[in-house]
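In: okay, here's the prediction I keep looking at, along with the sequence it came from:
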Amino acid sequence: MPRRKTTFVQGHYYHINNRGANRNNIFFSKENYLYCLRLMKKYLGDNCIAVIAYCLMPNHYYLLLRPDGDISLSDAVGGLFKAYVMAMNNQTGHSGTLFEGRFQDVHVDNDGYLLHLCRYIYANPVKAGLVLDPKDWVYSNYLEWVGERQGTLVDMDFVADLRQGLS
């Protein structure tokens, strides 16, 4: 595959997403979602990549990330989903790709767009008809944002700063 055109810069925000090949599911059970979340802690959290927002959907995912460390965002996200694909292929007896291709990335360069993306990410399960309220979709960090869960996959300093700025 050709080299990625984006140069990821420390301290900047990036909207990362991908979907299943042929729009097929990438998560097949509750355990798959939980395994992916454990991989996110390992590949993102352990490499100083701040997770601002995430939502894992049956056939796609959305991440809003900020690299703060020395590891390449591309390497961390690529490693995360390479490990996930290998596990899913092993689980299902499938071989080959699970995703449409490389993950998509968009540099988020203003605060208004940043806030819009957070709302967009959390609204996805509602728009897809999976739940009536974002609080009901447990495979996102929305509950951390609203203070109803104490998860570790969220930059709570970012959330607190945003809340302070909105009040």
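Out: Yep, it's here.
In: and the residue nearest the centre of this protein?
Out: L63 (2.6 Å; C-alpha atoms, centre = their mean).
In: state the mean pLDDT of the helix or strand harbouring V77.
Out: Using DSSP states H and E, the element containing V77 is helix 73-92. Taken as a whole, helix 73-92 carries a mean pLDDT of 94.
In: from the chain's centre, how far out does it sit?
Out: 13 Å (C-alpha atoms, centre = their mean, to the nearest Å).
In: the next helix or strand after it pairs with which strands, parallel or anti?
Out: For helix 73-92, the following helix or strand on the C-terminal side (DSSP H and E) is strand 104-108. Strand 104-108 pairs in its sheet with strand 13-19 (antiparallel), by DSSP bridges.
In: who touches G79 in this structure?
Out: Each residue near G79 by C-beta atoms under 8 Å, 6 or more residues apart in numbering is listed here: Y43. C-beta coordinates here come from the backbone N, C-alpha and C atoms, glycine included.
In: if we use 10 Å, what do you get?
Out: Counting by C-beta atoms under 10 Å, 6 or more residues apart in numbering, G79 makes contact with L39, K42, Y43, L44, N47, I71, S72.
In: what's the spacing between it and L63?
Out: Going from G79 to L63 by C-beta to C-beta, to the nearest Å gives 14 Å.
In: same check on D109?
Out: 17 Å.
In: swap in F99?
Out: Taken as C-beta to C-beta, the span from F99 to L63 is 13 Å.
In: tilt between the worst-scoring helix or strand of the chain on mean pLDDT and strand 13-19?
Out: The weakest-scoring helix or strand in the chain, judged by mean pLDDT, DSSP states H and E, is helix 156-166 (a mean of 76). With axes from the mean of the first three to the mean of the last three C-alpha atoms, to 10 degrees defining the directions, helix 156-166 sits at 110 degrees from strand 13-19.
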